[in-house]
Structure formats: structure tokens, C-alpha cells
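predicted model and sequence below, questions to follow.
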Amino acid sequence: MLGRPMMLRRLDPDALPQQQESAHAMPGCSPRVIPASIRPSATAGEISGVAIGTAHGAERRLTSGFAIGCCPRNSIASKDGSCCSEAMAFRYPDDVPVLTDGTVVLRAHREGDLDAMVEQCRDVEMVRYTTVPRPYEPQDAVDYLRHVAREWEKGGPTSSRAWAITASVSGGGARFCGTVDYRPTGVGTASIGFGLHPAARGAGLMRRAVGLVLDHAFAHGIEVVHWQAVVGNWASRRTVWHMGFRLEGTVRKLLVQPGSAHDGWIASLHRDDPRAPCEPWPADCPEWDRR
Ligand SMILES: CC(C)(COP(=O)(O)OP(=O)(O)OC[C@H]1O[C@@H](n2cnc3c(N)ncnc32)[C@H](O)[C@@H]1OP(=O)(O)O)[C@@H](O)C(=O)NCCC(=O)NCCS
């Protein structure tokens with residue numbers, strides 16, 4: 001069912017090579033609200049192929065998978081995939097699955113990420129292309145982290161799933177590099193959002209992070225993932241273009257930011273689509289100085 005094999009393993013994010021927090025790492029973009037509705041439960045088959053680590057190892061693998069996949073809060077999954085009533089609450093950050101492809105590690109956000117989150121969200125591209133509060137204050141990062149934790153703990157059909165992206169940047173230890181999330185609508189679709197700290201851009205990290213998150217989403221009942229971006233955000237467009245997203249069109253005044261609305265691109269990826277460009281890179285993309 002998945003477009004490519006999953007690389008998810010039982011992991012302790014802190015035990016991975018070169019995993020050291022850095023004061024120079026990064027933050028996330030602000031959440032967008034999506035319409036609430038009820039998503040059909042994932043089947044046991046959908047979940048069984050997923051080996052997801054959590055900060056505390058495998059014992060909670062099944063519980064975590066279902067807690068975020070289909071069971072109501074305080075439920076656990078039985079072997080046949082149904083939900084049991086004996087409660088085992090989803091714990092943040094311990095139960096957030098750790099996803100990795102060997103280069104990028106996605107894990108729960110931590111307090112140690114806050115400084116870098118502020119730094120990232122004050123970056124000009126973040127302000128131009130996302131809905132981060134402006135000016136972005138340290139309290140905004142604290143609020144965002146709380147929001148992320150609440151969403152994971154809720155574990156509902158429309159709860160967003162956000163991860164901190166970490167990787168070794170410029171030969172140093174692993175750092176916080178940004179945020180990637182997906183927001184299920186409850187009916188088998190989801191939207192994806194992401195942002196990198198400026199210091200982590202230009203190394204293809206987001207493409208990897210998006211790939212991991214797509215694997216997670218498609219393994220948890222999502223059939224189609226949508227991406228939207230302000231027209232002109234070529235770096236974001238190219239990131240999802242590489243992953244096989246198909247541009248569906250340009251919509252006038254699609255995206256609302258504080259005080260303005262912008263024309264937006266919209267693209268989609270079905271879980272059975274190949275993870276490779278499905279159309280030529282647009283000839284009207286302006287010359288890009290890779291520096
Ligand atoms: C979008 C973002 C995550 C991409 O980060 P990244 O993966 O490091 O991106 P890169 O700089 O490697 O760019 C991705 C690709 O787009 C290309 N690219 C970057 N800027 C470009 C531009 N202005 N025009 C054309 N291509 C561009 C890069 O060359 C790269 O192509 P390649 O992978 O084929 O070499 C990052 O730019 C960012 O955080 N931007 C601010 C927040 C944001 O826009 N989020 C998305 C909201 S929809």
C-alpha cells in the first residue's frame with residue numbers, strides 16, 4: 001500500500017549518533033485550523049506494517065500507533081485492531097513516534113528547542129510564507145509547543161501531528177532544524193505544513209522530513225495529502241514536487257495571513273502515487289541562485 005518501504009525503527013532519539021541539542025537549532029510554524037469531522041478508523045492491517053519508535057522504546061509502539069491513528073483518547077488497541085476501553089493515556093513527549101531515515105530524525109518538540117523556534121519564526125521567509133505570529137515573541141513558541149502537545153495527547157481523528165526536525169548540520173551534532181506536521185481532516189485527507197530554520201536550509205532536509213511524515217500519514221488512514229503555498233514560494237513547491245505532488249492549480253486569494261490574502265498554489269499526493277516528480281518542473285520558475 002505504501003509508495004516505498006518504511007524506514008521507521010524502534011528508537012531513542014537521544015541515543016542516535018550525533019544527537020546533541022544546540023542552542024542554535026530551530027522552531028516551527030504556526031498551526032492552521034482545519035475543519036473538524038470524523039475520520040473512519042484505520043484497520044489493523046494499516047497499522048501492522050508500521051514499526052514506530054517512541055522516546056521510550058517499543059513497549060508502547062502499538063499503543064502509540066493506535067493512539068494517534070484511530071482510538072479515542074484513553075483507549076488502547078487490541079490485537080485485532082479494535083480499541084479497548086482500559087485507558088492508557090497518550091503521554092507527550094514520551095509516546096510521540098520517532099521517525100528517521102538515518103539522516104533526519106523527527107521527534108517531539110522540547111523546551112530546549114524554544115530559542116531556535118523563535119529564531120526561525122522571525123526569519124523573513126517564515127514571515128512571508130507562513131502564518132506565524134508577527135512579531136514572533138518567545139511566548140509564541142511556548143504556546144505553539146503547548147498546542148503541539150495537546151494535539152498529540154488528544155489523539156483525535158482531526159488532531160494534528162507535529163514533529164521537530166533534527167539533523168546534523170555543518171558537521172556538528174544533531175540540532176533542531178525546523179518543524180513538519182500534518183493535519184488530518186477526519187475523512188482520509190490531510191494537509192501538510194513545514195518550515196526550516198534558515199541555517200538548515202539548502203541541504204535537502206525538508207524533502208526527507210516530508211517523506212517520513214507522508215509515510216506516517218499514509219500508514220494511519222490518510223489517502224490524499226494536500227499542500228498549499230503562497231504563489232512564489234518556489235522552495236516549498238520544489239520540495240513537494242520532488243516528492244511526487246501534482247499541482248492542481250492556482251487559487252486567487254486562497255491563503256490568509258495577518259492583514260492580507262494571497263494567491264495560492266495547491267497540490268496533492270495520493271498514497272499510491274510514486275514519490276518522484278510527476279510533471280516537468282515549470283519553465284516559468286525564475287532563475288534560482290543556489291549560492
Ligand atoms: C520551504 C523550505 C522548508 C525548503 O527548505 P529546504 O528543503 O532546505 O529547501 P532548499 O533550499 O533545499 O530548496 C528546495 C529546493 O528548491 C530549490 N529552491 C529553493 N529556492 C528556490 C527558488 N527561489 N526558486 C527556485 N527553486 C528554489 C532548491 O534549489 C532545492 O531544489 P533541489 O532540491 O532540486 O536542489 C524552506 O525554504 C523554508 O523553511 N521556507 C520558509 C517557510 C516556508 O516557506 N514553509 C513552507 C510553507 S508552504
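Alright, I've got the coordinates.

let me see the ranges of the helices in the stretch 51-200 of the chain.
With DSSP state H, counting those that start in this stretch, the ranges of helices along the stretch 51-200 of the chain come out as 61-69, 114-121, 124-129, 138-154.

and of these, who's closest to the ligand?
The ligand lies closest, by C-beta to the nearest ligand atom, to one member of the helices of the stretch 51-200 of the chain: helix 124-129, at 3.5 Å. From N, CA and C alone the C-beta is placed, and that goes for glycine too.

what is that closest one packed up against?
On a contact count with 3 or more C-beta pairs under 8 Å, 6 or more residues apart in numbering; DSSP states H and E, helix 124-129 meets strand 224-230.

switch the cut-off to 10 Å
Helix 124-129 makes packing contacts with helix 114-121, strand 189-196, strand 224-230, helix 234-242, strand 246-257 when contacts are defined by 3 or more C-beta pairs under 10 Å, 6 or more residues apart in numbering; DSSP states H and E.

tabulate these (a markdown table), appending mean pLDDT, distance to the ligand and mean neighbour count.
Shown next, in a markdown table, are these (pLDDT from 0 to 100; distance: least, C-beta to the nearest ligand atom, whole Å; neighbours: other C-beta atoms under 10 Å):
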| stretch | mean pLDDT | distance to the ligand | mean neighbour count |
| --- | --- | --- | --- |
| helix 114-121 | 98 | 8 | 24 |
| strand 189-196 | 98 | 4 | 23 |
| strand 224-230 | 98 | 4 | 20 |
| helix 234-242 | 98 | 3 | 20 |
| strand 246-257 | 97 | 9 | 13 |
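
circling back to that earlier point, lowest average pLDDT across the helices of the stretch 51-200 of the chain?
Least confident of these, judged by mean pLDDT, is helix 61-69 with a mean of 30.

one step back: including distance to Leu145, could the helices and strands packed on helix 124-129 go into a markdown table?
As requested, these are exported to a markdown table (distance: least, C-beta to C-beta, whole Å):
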| stretch | distance to Leu145 |
| --- | --- |
| helix 114-121 | 7 |
| strand 189-196 | 15 |
| strand 224-230 | 24 |
| helix 234-242 | 23 |
| strand 246-257 | 22 |
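
one step back: turn the helices of the stretch 51-200 of the chain into TSV, including distance to Asp181.
Shown next, in TSV, are those (distance: least, C-beta to C-beta, whole Å):
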stretch	distance to Asp181
helix 61-69	12
helix 114-121	13
helix 124-129	14
helix 138-154	8
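
so which of those comes closest to Pro282?
Distance to Pro282, taken as C-beta to C-beta, is lowest for helix 124-129 among those, at 17.7 Å.

can that closest one be found next to the ligand?
Yes - for helix 124-129 and the ligand, the contact criterion (C-beta under 6 Å from any ligand atom) is met by Glu125, Met126, Tyr129.

so how do I select the buried members of the residues you listed in ChimeraX?
Per 16 or more other C-beta atoms under 10 Å, the buried members of the residues of helix 124-129 next to the ligand correspond to this ChimeraX selection:
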select :126,129
